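Here's my sequence, what's the structure:
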Amino acid sequence: MKTWSLLAGLFVFAVCFGLVRAEEAPAKALFNDKCPISGKDVNPEKTSEYKVEFCCENCKAKFDKDPATYMEKVAEGQPGKCVFSGEDATTSETLTIGFCCDNCKGKFDKDPSKLIGKVKPAEKSE
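Below is the predicted model:
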């Protein structure tokens with residue numbers, strides 16, 4: 001009987017510890033602050049991931065410096081290829097794209113390559 005009580009106590013502790021740890025996990029930084037479909041403010045709970053690929057760290061740095069300028073290139077990019085050179089990709093960056101609602105998120109998820117060009121990076125606060 002003591003064994004079962006001990007096991008039950010450990011299980012409850014593990015569950016509670018897991019819940020506390022889940023709440024402490026930092027939210028992913030959103031790439032955008034306006035929904036690319038509707039133009040409304042994004043809901044941070046409505047997101048999709050989009051992988052942008054590069055052939056080298058120089059191309060990645062070029063994108064990171066001014067992503068708004070290169071979103072059309074991202075939209076034209078081919079899977080496994082650098083968005084700048086078209087060479088085989090060796091590195092990538094995953095963008096967390098925010099949406100205002102599940103409807104807009106669903107439209108994006110259906111064909112992300114068709115809509116990624118509409119995504120505008122969030123304004124940087126200085």
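
Which strand residues bridge the residue sitting nearest the centre point of the chain?
Closest to where the C-alpha atoms of the chain average out (CA atoms, centre = their mean) is residue 96, at 1.8 Å. With DSSP bridges as the criterion, the beta-bridge partners of residue 96 are residue 49.

Tell me who's in contact with it.
By CB atoms under 8 Å, 6 or more residues apart in numbering, the contact set of residue 96 is 28-31, 47-49. To be clear about C-beta, it is placed using only N, CA and C from the backbone, and glycine gets the same treatment.

Quick check: pLDDT value at it.
Residue 96 carries a pLDDT value of 97.

How about residue 21?
At residue 21, pLDDT is 47.

quick one: low-confidence ranges for this protein?
Filtered on pLDDT under 70, the chain yields the residue ranges 1-27, 125-126.

What ranges does it have for its strands?
In the chain, the strands defined using DSSP state E lie at 43-54, 91-99.

where do the helices sit along this structure?
For the chain, the helices defined by DSSP state H cover 2-24, 57-65, 71-76, 102-110, 112-115.

I'd like the distance from the shortest one to the chain centre, please.
Taking the mean of its C-alpha atoms, helix 112-115 sits 14 Å from the chain's own mean (CA atoms, centre = their mean, to the nearest Å).

which parts of that helix are buried?
The neighbour-count check on helix 112-115 (16 or more other CB atoms under 10 Å) flags 112, 115 as buried.

helices or strands next to that helix in the packing?
Contact partners of helix 112-115 among helices and strands, from 3 or more CB pairs under 8 Å, 6 or more residues apart in numbering; DSSP states H and E: none.

If you drop the residues flanking it in sequence, what lies closest to residue 92?
Excluding the flanking residues, the one nearest residue 92 by CB to CB, 6 or more residues apart in numbering is residue 53, at 4.5 Å.

check contacts around the one you found.
77, 79-83, 89, 91-92.

give me the number of residues near residue 119?
Around residue 119 there are 24 other residues, counting by other CB atoms under 10 Å.

So it sits against residue 97, correct?
Yes - counting by CB atoms under 8 Å, residue 119 sits close enough to residue 97 to count as a contact (5.7 Å).
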